[in-house]
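Visitor: model the structure of this input:
(chains A and B)
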Amino acid sequence: MPSLKSLRNRISSVKSTQKITKAMKMVAAAKLRRAQAQAEAARPYATRMAKMMAALARGAASNPNAPALLVGTGADKTHLIVAVTADRGLAGPFNASISRAVRNRVRALEAEGKTVKLFAVGRKGRDSLRRDMADRMIGDVNFVGRRSLEFTDAEAIANRIIAEFDEGGFDRCTLMFNRFVSVMVQTVAETPLIPASAGEPANDDGDTADYEIEPDDGSLLERLLPRNLAVQIYRALLESNAGFQAAQMTAMDNATRNAGDMINRLTMNYNRTRQANITKELIEIISGAEAL
Amino acid sequence: MTVALEIISPERLLLARPVDMVVIPGTEGDLGILPGHSRLITSLRGGMIDLYENDAVVDRYFVSGGFAEVTEERCTVLADAIMKLAELDAQDAADELARAEADYREVDEADASAYRAASDRLITAQAKVDTLAERS
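Guide: The predicted structure follows:
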């Protein structure tokens, strides 16, 4: 039986853990609200951009001189997977589920005889993937110590990917990130980035076909494609960030509850032990008195 | 009749209001958008967006490039970076122009996308300086 003193120590240590998890939960809840608002605010740009892309891509896809970013290199040999994770942990299965999905994808592609390269966004994903797939990593980015995500961050990532693509580093590029479904649920989602035409078929409402394009020498598309890539990445970063805060909030809520249960059990144990000690002492006194 | 003007940056919706006319700086020249304009998608160079109401400019913004989508009743500007005219700073603009000029001189003309990026930057910086000169 543990001594009363050791039980008291354990209770107080669990209590201070609970205080920390409670505080983290509240911080995550506040950050979640901000992250959701940011993701919400970025949506109009992305939807308009998608519409424009659809209008332009329709005309250009059949053009033999269409830019490679849109139609691909024609080969399907080397794949680049961009894995978006968080920079910090303590968020339940948030980071691990991305790493697992990426690993499965890498194995599946390699079983098909393809070469796979990885690009890690976020510290946790980098650390996890580096363990057994370091030879496939071509780069990583993280936002440790940054207060908020800017569009220029996404643009920088997009530029690195495009530079690699222009050098012929890969044929296809897929983005894997946690989609924010609800506060309780984040699912692993993937978006094809290159070729852009492999993306979701534009919601065809028929009114996109008859635009005048200016300048019409294809340079508009060449400007739009890198921009579109950055927008997609930006959206994934924001979704992932909102998902991370939600996952952390849920995980910390669970931890707080578990700590509460543990405190109850330990307190029960402590009281029983204390009672047993008192009873024992009473018996000793009574039997001592009877012996007289 | 008015045009529903929307100015959107990647981070957020900056402005949505009906105007009588808006002038946007297209890559191939300024475009005055009135209601009933034919459908158009264009890229933008650095320059001023002027909002007109009752034949007078009511607001001016400096945009550093982007895209615009025009339909009969709507004009949507997807701006790279945008600020109010009053927020422009002459010293910053001059520095930016000097940097852009230096980059432009060094860029390899064979590299089409780098060349375009450098010339876009130069045009934007020049437009910023010109706008400020015109204002003062």
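
Visitor: give the contact list for the closest residue to A:Glu150 other than its chain neighbours.
Guide: For A:Glu150, ignoring the flanking residues on the chain, the nearest one in space by CB to CB, 6 or more residues apart in numbering or on different chains is B:Glu11 at 7.6 Å. Bear in mind the C-beta positions are built from the backbone N, C-alpha and C, glycine included. With contacts defined as CB atoms under 8 Å, 6 or more residues apart in numbering or on different chains, the neighbours of B:Glu11 are A:Gln38, A:Ala41, A:Ala42, A:Tyr45, A:Glu150, A:Phe151.

Visitor: per-residue confidence at B:Glu11?
Guide: In the prediction, the pLDDT value recorded for B:Glu11 is 87.

Visitor: so it sits in a helix?
Guide: No - following the definition DSSP: H, G, I helix; E, B strand; the rest coil, B:Glu11 is coil and is not counted among the residues of a helix.

Visitor: give me the pLDDT for the residue in the stretch 1-150 of chain A positioned nearest to chain B.
Guide: Residue nearest to chain B within the stretch 1-150 of chain A (CB to the nearest CB): A:Ala41, separated by 3.8 Å. Per-residue pLDDT puts A:Ala41 at 91.

Visitor: next: A:His79.
Guide: Among the per-residue scores, A:His79 shows a pLDDT of 93.

Visitor: quick one: the host helix or strand of it to chain centroid distance?
Guide: The secondary structure element spanning A:His79 is strand A:78-84 (assigned by DSSP states H and E). Relative to its chain's centre, strand A:78-84 lies at 15 Å (CA atoms, centre = their mean, to the nearest Å).

Visitor: can you pull out the strands in the chain?
Guide: Since you didn't name a chain, this refers to chain A. Counting by DSSP state E, chain A has these strands, from start to end: A:78-84, A:115-121, A:137-141, A:172-180, A:186-194, A:212-214.

Visitor: actually, chain B is the one I wanted.
Guide: Assignment of strands within chain B using DSSP E yields the ranges B:3-8, B:13-19, B:21-26, B:29-33, B:40-53, B:56-70, B:74-79, B:82-84.

Visitor: which of those strands comes out lowest on mean pLDDT?
Guide: Ranked by mean pLDDT, the strands of chain B bottom out at strand B:82-84, which scores a mean of 84.

Visitor: helices or strands up against that one?
Guide: Taking 3 or more CB pairs under 8 Å, 6 or more residues apart in numbering or on different chains; DSSP states H and E as the contact definition, the neighbouring helices and strands of strand B:82-84 are strand B:56-70.

Visitor: circling back to that earlier point, run through the residues that contact the residue of the stretch 1-150 of chain A closest to chain B.
Guide: Counting by CB under 8 Å, 6+ apart, A:Ala41 touches B:Glu11, B:Arg12, B:Leu13.

Visitor: got the strands of chain A as TSV, with distance to A:Ala91 columns?
Guide: Shown next, in TSV, are those (distance: least, CB to CB, whole Å):
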stretch	distance to A:Ala91
strand A:78-84	14
strand A:115-121	16
strand A:137-141	19
strand A:172-180	10
strand A:186-194	9
strand A:212-214	45
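
Visitor: any idea how far the residue in chain B sticking out farthest from the centre is from chain A?
Guide: Residue distances from the centre of chain B (CA atoms, centre = their mean) peak at B:Ala110, which lies 27.0 Å from the mean C-alpha position. The gap separating B:Ala110 from chain A is 13 Å, by CB to the nearest CB, to the nearest Å.

Visitor: next one, pLDDT for that residue please.
Guide: Looking at B:Ala110, its pLDDT reads 73.

Visitor: identify each buried residue in stretch A:140-155, please.
Guide: With burial defined by 16 or more other CB atoms under 10 Å in any protein chain shown, the residues of stretch A:140-155 counted as buried are A:Asp140, A:Val141, A:Asn142, A:Phe143, A:Leu149, A:Phe151, A:Asp153, A:Ala154, A:Glu155.

Visitor: quick check: closest non-adjacent residue to the last one.
Guide: In this structure, A:Glu155 finds its nearest non-sequential neighbour in A:Ala230, 4.4 Å apart by CB to CB, 6+ apart.

Visitor: do the fourth one as well
Guide: By the measure of CB to CB, 6+ apart, the closest residue to A:Phe143 outside its immediate chain neighbours is A:Asp87, 5.8 Å from it.

Visitor: also A:Asp166?
Guide: Of all residues beyond its chain neighbours, the one nearest A:Asp166 is B:Ser113 (7.9 Å), with distances taken as CB to CB, 6+ apart.

Visitor: please apply the same query to B:Ala79.
Guide: Counting by CB to CB, 6+ apart, B:Gly66 is the residue found nearest to B:Ala79 once chain neighbours are left out, at 4.2 Å.
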